[in-house]
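In: Kindly return the folded structure for what I paste below:
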Amino acid sequence: MCLIQSILFSLIFISICSAQDDLVQLKNVSDTILNTKRTLKITDPLDGVKTMHLLFTGKLYKLSDHNTFISWKCKSCKPASYTDVNGVEGDQLFPYTEGIATRLDTTISYTDSKGNQFKMLVFNHSVYDMDGLQTGRFSGGLLGLAKFTKTENVWEMKSYQPAIAAFGAFARIPSLKLVEIGDDQYAFTLIHANGGAGAPYNGYLYLIVGFDGKYQPLMEVGDYRLSNNAEGSTEWSSTYKVMNDGKKKFFRDFVITTTGFYKKAKGTEDDYEVDLPKEVSEMAKNKKQFNFVIEKHLSFKGKWYNTEGKPVVKFSNVK
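Out: Predicted structure coming up:
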């Protein structure tokens, strides 16, 4: 009898320990993890995940479905407020008191006109989850950046910003795209899109630029895209172009071209009116259907890109 009880106790103990091992654990780290003046040199080749682990010295997990992240917490860190552009759940206080999961979203490599080589490591922070998940429809992924330059056989970190702002849905940042906005002046665009379950997603274009000693959003373009709408219903998408007319060496102007289709909604549960770009909203009051093209000119003024002049709007196939 004692032998049976002993075996049962051992099995229960092993089961509990195994269950605990399956849960993501947090590792406490020093508040130096947030020091933007940190230095780091990596011998070529630069491995993104290994470099991330040197910067965020928590516990590294490599789960299934390419779910690789650093699990950490910082008891001595003082959380700071960062904008979440979703604007639903308020700003994010980072580092999160519940713990943090930091992922390497991508590594962007580029070379300037002088042949200098750069690598930008793009980080995504989300609130700790014991199963290693990213959740929260209206909670953006918190963007962080680390910029490296190559000298001979060494990559040296020249800029480190563990957190900038939160974009996207379900704690996942959108993809960043490299864009040259001046002579050897590089920035990044991203499209933030979100909406209710089964509802259309309204997209915003953001430009992330190194300015005034840090990377920060310097442009926001609303009504950049409408997606996830019912087939055959109102939709639009946009493209941007950096104007290189020789007038500006840095912070060149942008032209945003939006092409779309409007069809009056039936007013049913699955087909209802959406908020249109203001440039075409008046036309929609009296017409049932039309195509449209909107062209906007944005120029950098002091600390932000603003619309320059009046947008040009063209309509076709009006019914």
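In: Going by C-alpha atoms from here, please, whenever you check contacts or count neighbours.
Out: Noted.
In: and Y61, how many neighbours does it have?
Out: 16 (other CA atoms under 10 Å).
In: Show me how the protein divides into domains.
Out: The chain breaks down into these domains under automatic domain parsing: 24-173, 174-319.
In: avg pLDDT for the first one?
Out: On average, the pLDDT along domain 24-173 is 97.
In: show me where the stretch 201-319 of the chain has strands.
Out: Listed in chain order, the strands of the stretch 201-319 of the chain (DSSP state E, counting those that start in this stretch) span residues 201-211, 214-227, 235-242, 254-263, 289-301, 304-307, 312-316.
In: still on that earlier bit, return the most buried member of the domains of the chain.
Out: Scoring the domains of the chain by mean neighbour count under mean count of other CA atoms under 10 Å gives domain 24-173 as the most buried, with a mean of 18.
In: now the helices for this structure?
Out: Along the chain, counting by DSSP state H, helices occupy 2-22, 48-55, 278-286.
In: rank those by pLDDT, which is bottom?
Out: helix 2-22 has the lowest average pLDDT among the helices of the chain, namely a mean of 45.
In: Report the contact partners of the closest residue to F138 other than its chain neighbours.
Out: Once flanking residues are discounted, F138 sits nearest to A169: 5.5 Å by CA to CA, 6 or more residues apart in numbering. For A169, the contact set (CA atoms under 8 Å, 6 or more residues apart in numbering) comprises G136, R137, F138, S139, G140, G141, A193, N194.
In: what's the third one sitting at in phi/psi?
Out: Just to be clear, that refers to F138. Reported as degrees, to the nearest 10, the phi and psi values for F138 are phi -110, psi 30.
In: okay but it is in contact with N194, surely?
Out: Yes: here F138 lies in contact with N194, judged by CA atoms under 8 Å, at a distance of 7.4 Å.
In: what is in contact with these two at once?
Out: N86, G168, A169.
In: The second one touches L190, doesn't it?
Out: If I follow you right, that is G168. No: if you go by CA under 8 Å, G168 and L190 don't touch, sitting 9.4 Å apart.
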